[in-house]
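K.L.:
Coordinates only, no sequence provided:
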């Protein structure tokens, strides 16, 4: 896992007002902890953020008007993985699981490609070498190691 791998924390979904504020879809609980975010080959300095319907409204120093804000629609805002807070024992960031080989009884069965939470806990999506994918519940069948994921053989086809 590269400490410099970008982690997306929010996405600009449009302009808010005429003074350059943007509407954000948040993928993190606290964007205030990250005063500088990258997106679209640029760096954005967070001046303020407040809750709004279905996300937040933010002001960045580099966005001066509505036209500039609208031009950034769809821009993903990220920080390097190394900027995220340290984890407690047994915790993980989804980004840390992506790309890891998934093993069953010592053989690689695929690669972790997606982690979702549908309300009952994290679900890992694994892509097999033939391109087919399947899902397993992380809490019940996955043992997380630093460089691989061990999958309970009972949950594999």
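P.N.:
The structure has been received and is ready for your questions. On a predicted model such as this, the values are computed, not experimentally measured, just so you know.
K.L.:
For the lowest-mean-pLDDT helix or strand in the chain, name the packing helices and strands.
P.N.:
Ranked by mean pLDDT, DSSP states H and E, the weakest helix or strand in the chain is helix 138-141, scoring a mean of 86. Here helix 138-141 touches strand 122-127, going by 3 or more Cβ pairs under 8 Å, 6 or more residues apart in numbering; DSSP states H and E. Glycine gets a C-beta too; all of them are placed from N, C-alpha and C.
K.L.:
give me that answer again for 10 Å
P.N.:
strand 107-117, strand 122-127, strand 148-151 (3 or more Cβ pairs under 10 Å, 6 or more residues apart in numbering; DSSP states H and E).
K.L.:
and the next element down the chain from the longest helix anywhere in the chain?
P.N.:
Using DSSP state H to define each element, the chain has its longest helix at helix 66-71. Next helix or strand after helix 66-71 toward the C-terminus (DSSP states H and E): strand 76-80.
K.L.:
what sits up against the very next helix or strand once past that next one?
P.N.:
Downstream of strand 76-80, the first helix or strand assigned by DSSP H and E is helix 94-97. Contacts with helix 94-97, where a contact means Cβ atoms under 10 Å, 6 or more residues apart in numbering, come from 1, 5-8, 27, 81, 84, 87, 112-117, 122, 124, 138, 142, 144, 146, 149.
K.L.:
hmm, which of the residues you listed are the buried ones?
P.N.:
Listed as buried from the contacts of helix 94-97 are 6-7, 27, 81, 84, 112, 115, 122, 124, 138, 142, 144, 149; burial here means 16 or more other Cβ atoms under 10 Å.
K.L.:
Would you check which pair of these lies furthest apart?
P.N.:
6 and 142 (24.2 Å; Cβ to Cβ).
K.L.:
can you list the domains in this structure?
P.N.:
6-83, 94-155 (automatic domain parsing).
K.L.:
tell me the most buried of the ones you listed?
P.N.:
domain 6-83 (a mean of 16; mean count of other Cβ atoms under 10 Å).
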